[in-house]
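Enquirer: this is the structure alone, sequence omitted:
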């Protein structure tokens, strides 16, 4: 059942909140994983700009970060920024679904 929930989240352009010993990318350093997780809390509080800033501070080309940034910009209704992040993964169906 857990795999189905994760697959559903991923198909929607979301990623599960990483635990203290794991990250969405699987190899993200602990500090980065903490910032990634903080973006979920900020999103839940309706603070899209803060959530975006948390991830942009990481300054990395990690797929999961760009996917998450695409989603956050979408939620914040900054469509051009959302599309720009989704376009960074042209061969990924999840990212392409975000463009539609």
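Expert: Arrived safely, thanks for sending. In this text the structure is predicted, and so the values were computed from the model without any measurement.

Enquirer: how far away is residue 77 from residue 48?
Expert: Per Cβ to Cβ, to the nearest Å, residue 77 is found 9 Å from residue 48. Where C-beta positions appear, they are placed from N, C-alpha and C, glycine not excepted.

Enquirer: got it, and residue 37?
Expert: When Cβ to Cβ is the yardstick, residue 37 and residue 48 sit 16 Å from each other.

Enquirer: those two: who's more crowded?
Expert: Between residue 37 and residue 48, residue 48 has the larger neighbour count (other Cβ atoms under 10 Å), namely 19 against 16.

Enquirer: show the average pLDDT along whatever helix or strand residue 52 lives in.
Expert: Residue 52 is part of helix 48-56 when elements are defined by DSSP states H and E. If you average the pLDDT over helix 48-56, you get 94.

Enquirer: who are the packing partners of it?
Expert: Contact analysis of helix 48-56 by 3 or more Cβ pairs under 8 Å, 6 or more residues apart in numbering; DSSP states H and E lists helix 30-44, helix 63-75 as its packing neighbours.

Enquirer: buried sites along the last one?
Expert: Taking 16 or more other Cβ atoms under 10 Å as the neighbour-count basis, helix 63-75 is seen to contain the buried residues 63, 64, 65, 66, 67, 68, 69, 70, 71, 72, 73, 74.

Enquirer: how about the longest one?
Expert: Along helix 30-44, these residues count as buried under the neighbour rule (16+ other Cβ under 10 Å): 32, 33, 35, 36, 37, 39, 40, 42, 43.

Enquirer: any chance of CSV for the residues you listed, columns distance to residue 88 and pLDDT?
Expert: Conversion of the buried residues of helix 30-44 to CSV gives the following (distance: Cβ to Cβ, whole Å; pLDDT from 0 to 100):
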residue, distance to residue 88, pLDDT
32, 18, 86
33, 20, 86
35, 19, 89
36, 17, 87
37, 22, 90
39, 17, 94
40, 21, 94
42, 22, 95
43, 20, 95
